[in-house]
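Asker: Please find the sequence and the predicted model below.
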Amino acid sequence: MAQPHKGSRVQINVYLPAVVAALVGNDVRRFEVSSTSQYLADLLCHHYGRPDLARELGRKQGQLSLTPRTPPERIGTAADHTEGTDDRILVKMRVPSDVVTLIDEDAADKGGASRAGLLAAMTCHAYGRDDLTRELEPRKEQLQLAITARHEPAA
């Protein structure tokens, strides 16, 4: 059966820590959303003040956002903090273009963070896992390291 057109969307690929991806998957099932991509896109629509662009999430659940809402019992175990925290899962989401513009503005306000880095950090924060968030400004640091390495004399 044909699907209704969802409007202009942009695909954003985000690597989430496996622990956080599992928590997101639990919520996808709990809220009975069709996919992880749709769940995260709808959350972003709500978070950035555009619930009118959300396709599934929020119609029954009310206002939602990516602000911390995780009860302590869902945060994870001590083992999650030390084992497997580098395991990352690729999550592809198709976000409405109007929301992508807001994400880009937010990223620019945060020192030029990448879309993917910003969204991964926001998702980790929403699920109470700030300890798994990577720096939001790795590009500046990496660029500085590359420039420094080029200008240092060889030993």
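Answerer: Okay, I see it. None of these values were measured; they are calculated from a predicted model.
Asker: what packs against the helix or strand hosting residue 90?
Answerer: Element membership for residue 90, per DSSP states H and E: strand 88-96. Using 3 or more C-beta pairs under 8 Å, 6 or more residues apart in numbering; DSSP states H and E, the elements in contact with strand 88-96 are strand 9-17, helix 18-30, helix 36-47. Heads up, the C-betas are built off the backbone N, CA and C, glycines and all.
Asker: 6 Å instead?
Answerer: strand 9-17, helix 36-47 (3 or more C-beta pairs under 6 Å, 6 or more residues apart in numbering; DSSP states H and E).
Asker: which of those sits most buried?
Answerer: helix 36-47 (a mean of 23; mean count of other C-beta atoms under 10 Å).
Asker: can you give me the angle it makes with strand 9-17?
Answerer: Put simply, helix 36-47 runs at 100 degrees to strand 9-17, going by axes from the mean of the first three to the mean of the last three C-alpha atoms, to 10 degrees.
Asker: which outside residues touch helix 36-47?
Answerer: For helix 36-47, contacts defined as C-beta atoms under 6 Å, 6 or more residues apart in numbering pick out 28, 33, 51, 53-54, 56-58, 64-66, 91-95, 99.
Asker: Whichever of those end up buried, select them in PyMOL.
Answerer: Remark: buried members of the contacts of helix 36-47, expressed as a PyMOL selection using 16 or more other C-beta atoms under 10 Å:
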select buried, resi 28+33+51+53+54+56+57+58+64+65+66+91+93+94+95+99
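Asker: just to revisit the earlier point, just want the angle from the strand holding residue 90 to helix 18-30.
Answerer: Put simply, strand 88-96 runs at 50 degrees to helix 18-30, going by the same axes, to 10 degrees.
Asker: Can I get strand 88-96 in PDB, CA atoms only?
Answerer: As requested, the backbone C-alpha atoms of strand 88-96 are provided in PDB (Å, rounded to 0.1, in the frame of the first residue of the first chain):
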ATOM      1  CA  ARG A  88      27.800   2.800  18.700                       C
ATOM      2  CA  ILE A  89      24.800   2.100  16.600                       C
ATOM      3  CA  LEU A  90      24.000   3.900  13.400                       C
ATOM      4  CA  VAL A  91      20.600   5.500  13.500                       C
ATOM      5  CA  LYS A  92      19.200   7.100  10.300                       C
ATOM      6  CA  MET A  93      16.500   9.600  10.700                       C
ATOM      7  CA  ARG A  94      14.600  11.600   8.100                       C
ATOM      8  CA  VAL A  95      13.800  15.000   9.700                       C
ATOM      9  CA  PRO A  96      11.500  17.700   8.200                       C
END
